[in-house]
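*Asks:* No sequence on hand, only this structure:
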């Protein structure tokens, strides 16, 4: 085996990951997320999501805050400026990434902005040979176990259908000079979100229907009947997410001293969530979310002399 090269130029700590498309990544409720591989790095602690007290941000590095990391895609900023979490690199197809580098400590002066880690991701480039590929990940509820609340209330296993598919192609436009790489990702997911909410007890329902004003009776009639003890109602309405993503990269070699590259990433997603953020936990009060990403990076590298 070949020993890993020793860095004798600076005190930076970190690691570069390549062949990302060959590493195991589970396609979950949001799709395949390459950032989950960062949990393999020393000093990186992945955070829990969707639970009480969970942190904003996918991970913490060396004890820093989960929102203290800086994400870059082809050298350009890839952060959500509102809450400082990743945007494009959180959803980009693993098959479109050439590599990503994680710097966890003692960064060079060229880096800044945050006290946590630097995550540099690069999009694949075309070569003199045409290369392409296509993948499809399919999951459904047939092998899923039912959860506790569905079992207790007599509900069937929540629906879960997931299709995560993509295709990519790279090659030459002008041999030895100009190259291209394109990628498309589509994601379709439908799953039942199990939750419990408070509704009227049988006694409250009977009292309102017998003595309440018309408006109160109307509210009772559209409110589901408790199917757990007391005033609790369990349900598993469907959450629907659709994503469409495109990636394009062009590289041109003007000469041995001058190269140029341009990359563009875009994604549009829409999600119909059955329970609105901080809303009631009974069906009928959901929300429709639209998210669009655009990332553009332009690079021109010129070597004036062997020393500059």
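*Replies:* Received, thanks. All of these numbers come straight from a predicted model, not from anything done at the bench. Residues are numbered from 1 along each chain as shown.
*Asks:* Can you name the residues in contact with stretch 131-146?
*Replies:* Residues from elsewhere that reach stretch 131-146 (C-beta atoms under 8 Å, 6 or more residues apart in numbering): 21, 27, 32, 95, 155-171, 191. Every residue, glycine included, has its C-beta placed from N, CA and C.
*Asks:* contacting residues for the spatially closest residue to residue 194 that is not a sequence neighbour?
*Replies:* Closest residue to residue 194 apart from its sequence neighbours, by C-beta to C-beta, 6 or more residues apart in numbering: residue 236 at 4.5 Å. Residues in contact with residue 236 (C-beta under 8 Å, 6+ apart) are 150, 155, 158-159, 192-195.
*Asks:* Which two of these have the greatest separation?
*Replies:* The largest distance within the contacts of residue 236, taken as C-beta to C-beta, falls between 159 and 195 and amounts to 14.3 Å.
*Asks:* Let me know the pLDDT of residue 1.
*Replies:* At residue 1, the model reports a pLDDT of 46.
*Asks:* Need the residues that contact the lowest-mean-pLDDT helix or strand in the chain.
*Replies:* Sorting the helices and strands of the chain by mean pLDDT, DSSP states H and E puts helix 148-153 at the bottom, at a mean of 74. With C-beta under 8 Å, 6+ apart as the contact definition, helix 148-153 has outside contacts at 155-158, 194-196, 227-228, 234, 236.
*Asks:* what comes up buried for stretch 297-308?
*Replies:* Residues of stretch 297-308 classed as buried: residue 297 (neighbour count, 16 or more other C-beta atoms under 10 Å).
*Asks:* in terms of contact, does residue 67 touch residue 59 like I think?
*Replies:* No. With contact defined as C-beta atoms under 8 Å, residue 67 does not reach residue 59; the gap is 10.7 Å.
*Asks:* more crowded one of these two?
*Replies:* Set side by side, residue 67 and residue 59 show more neighbours around residue 59, with 20 against 16, by other C-beta atoms under 10 Å.
*Asks:* so what's the more buried one up against?
*Replies:* By C-beta under 8 Å, 6+ apart, the contact set of residue 59 is 35, 38-39, 44-47, 66, 69.
*Asks:* Return the set of residues that bridge with it.
*Replies:* Bridge pairing for residue 59 (DSSP bridges) gives the partners residue 46.
*Asks:* Contacts only, for residue 289.
*Replies:* Contacts of residue 289 (C-beta under 8 Å, 6+ apart): 270-271, 273.
*Asks:* mind checking how far it is from residue 268?
*Replies:* As judged by C-beta to C-beta, to the nearest Å, residue 289 and residue 268 stand 12 Å apart.
*Asks:* How about residue 250?
*Replies:* Separation of residue 250 from residue 268 (C-beta to C-beta): 22 Å.
*Asks:* Pick out whichever of those two has more residues nearby.
*Replies:* Taking other C-beta under 10 Å, residue 250 and residue 268 do not tie; residue 250 has more neighbours (17 against 14).
*Asks:* partners of that one in the sheet?
*Replies:* With DSSP bridges as the criterion, residue 250 is bridged to residue 180, residue 262.
*Asks:* My guess is it contacts residue 180. True?
*Replies:* Yes. Assessed by C-beta under 8 Å, residue 250 is found in contact with residue 180 at 5.6 Å.
*Asks:* Can you pull the residues that touch both of these two?
*Replies:* Residues within reach of residue 250 and of residue 180 at once, by C-beta under 8 Å, 6+ apart, are residue 173.
*Asks:* quick one: low-confidence parts of the protein?
*Replies:* 1-11, 49-55, 308 (pLDDT under 70).
*Asks:* The same query, at a cut-off of 80, please.
*Replies:* Scanning the chain for pLDDT under 80 picks out 1-15, 48-57, 81, 105-115, 143, 147-156, 278, 306-308.
*Asks:* show me where it has helices.
*Replies:* Assigned by DSSP state H, the helices in the chain fall at 148-153, 202-211, 214-222.
*Asks:* Mean neighbour count, those helices: which tops it?
*Replies:* Each of the helices of the chain was assessed for mean neighbour count using mean count of other C-beta atoms under 10 Å. The highest is helix 148-153, with a mean of 15.
*Asks:* picking that back up, can you select the buried ones from the contacts of residue 236 in ChimeraX?
*Replies:* Here is the ChimeraX command that selects the buried residues among the contacts of residue 236 (16+ other C-beta under 10 Å):
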select :150,155,158,159,192,193,194,195
